[in-house]
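[1] Here's my sequence, what's the structure:
(one chain, ligands or ions: 1)
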Amino acid sequence: MKAMVLNAVGEKPVLTEVDLPQVKDGEVIVKLKAAALNHRDVYITQGLYPAIKTPTILGSDGVGELDGARVVLLPGLKWGDREDVQALDYEVLGMPHDGTFAEYIAIPKASVYPCPVHLSDAEAAAFPLAGLTGWRALMTRASAKTSDTVMVTGAGGGVATMVIQLAVALGCDVYVSSSSAEKIAFAKTLGTKGGVNYTEDNWIAELKEMTGGLDVVVDGAGGEGFSKLSKLMKPGGRMAFYGGTRGTIPKLNPQILFWRQITIAGSTMGSPSEFAAMLDFVSKHKIHPVVDSVRPLAELPAALDRMDAGQQRGKLVVTMEGLSA
Ligand SMILES: NC(=O)c1ccc[n+]([C@@H]2O[C@H](COP(=O)([O-])OP(=O)(O)OC[C@H]3O[C@@H](n4cnc5c(N)ncnc54)[C@H](OP(=O)(O)O)[C@@H]3O)[C@@H](O)[C@H]2O)c1
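    Down below sits the predicted model:
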């Protein structure tokens, strides 16, 4: 089969003819139709991820076919028995277990779920990891409820875009931040009420004026922006974060947090039951994940560059169409 193999850190994945994957106990082989990128894939090619092993096939998101049915794949392996936290040996799909940037994948049968019928292949490839991460952060860790005022940082991000769509479908009043007026305007088309540009000095004052205070924050950036947002939390507010693009969080004020009974909750990926719940919600609300672009699998390096430059709006997808012709 053909696969994009990453041979060494610092290189780009290369289209390579490799052996078909071997199935282990409980696994099946899925013929992949499309896969999507996550920032993790960029970090691994750059050596900015723990325990990198090469050669490897990256890719955590995939849609494919099993026994004639269209399926999507749970993007994590070995979550374990607890709902509140993953097991110590939990893995994100795609390094060390070979991932979805290939024609075929061997994967536990339990990781294979029916694909929501309203989605195109590209849309179906686009949502598993971002959707699952966003679902757990928003619904489980931040306990978002209808009519909550929800702030989603970095509106252009893959996870952030899914959080926006989930929160809007839940009936929340959703606000965003972004580095780009165009991305804020696009978020409005998804149903958000407004947004601020986090590169401008007065963004936090503007957000305060716009919202009057926040019930929920879902953040992927960290950094000083997170501390600023904590000051806008209403009593009983919940701040969930799944990423740290801007690094450590300085200047958090404990007095504000304890007096207002604010919850700060780290969040990572999600359990199989959360994945099933998210799939049901996406189907029920006919959510269409936002796809930035679709390229042939061999053009994965260009998609990685686009993500690294932060140029995307929604998910970058690669398709396996035409590969085995
Ligand atoms: N814990 C988990 O399970 C999990 C899962 C997935 C991802 N992550 C992590 O979450 C982060 C985002 O992942 P992704 O795949 O969504 O990446 P992505 O699509 O590349 O999005 C990153 C976004 O970060 C935003 N950003 C940058 N600086 C910011 C700042 N100062 N304030 C607010 N937003 C800022 C940008 O938003 P604009 O373009 O709108 O400016 C950018 O679009 C990464 O660090 C990733 O490793 C964690």
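
[2] thought Ile287 was touching Ala167?
    No: counting by Cβ atoms under 8 Å, Ile287 sits too far from Ala167 to count as a contact (11.0 Å). Glycine gets a C-beta too; all of them are placed from N, C-alpha and C.

[3] quick one: low-confidence parts of the stretch 51-200 of the chain?
    Under the criterion of pLDDT under 70, none of the stretch 51-200 of the chain is flagged as low confidence.

[4] ok, which residues in it are in contact with the ligand?
    Selection of the stretch 51-200 of the chain residues close to the ligand by Cβ under 6 Å from any ligand atom yields 133, 153-160, 177-180, 183, 198.

[5] More neighbours: which of Ile287 and Ala167?
    Taking other Cβ atoms under 10 Å, Ile287 and Ala167 do not tie; Ala167 has more neighbours (28 against 22).

[6] Helix or strand next in line after the helix or strand where the more buried one lies, which one?
    Following DSSP states H and E, one finds Ala167 within helix 158-170. Going down the chain from helix 158-170, the next helix or strand is strand 173-178, by DSSP H and E.

[7] Strand partners (parallel or antiparallel) of that following strand?
    Applying DSSP bridges to the sheet, strand 173-178 is found paired with strand 149-152 (parallel), strand 194-197 (parallel).

[8] my guess is Ala169 meets His288, correct?
    No: taking Cβ under 8 Å as the definition, Ala169 is not a contact partner of His288, at 11.0 Å.

[9] Mind listing the shared neighbours of the two?
    Applying Cβ atoms under 8 Å, 6 or more residues apart in numbering, one finds that no residue jointly contacts Ala169 and His288.

[10] Can you get me a residue count around the nearest residue to Gly222 once chain neighbours are set aside?
    Nearest non-adjacent residue to Gly222, counting by Cβ to Cβ, 6 or more residues apart in numbering: Gly244, 3.8 Å away. Close neighbours of Gly244, defined as other Cβ under 10 Å, add up to 15.

[11] Just say helix, strand or coil for the residue positioned nearest the centre of the chain.
    Nearest residue to the geometric centre of the chain (Cα atoms, centre = their mean): Ala130, 2.0 Å. Following DSSP: H, G, I helix; E, B strand; the rest coil, the label given to Ala130 is helix.

[12] need the contact list for it.
    If you count contacts by Cβ under 8 Å, 6+ apart, Ala130 has them with 36, 38, 61, 158-159, 161-162, 289, 315.
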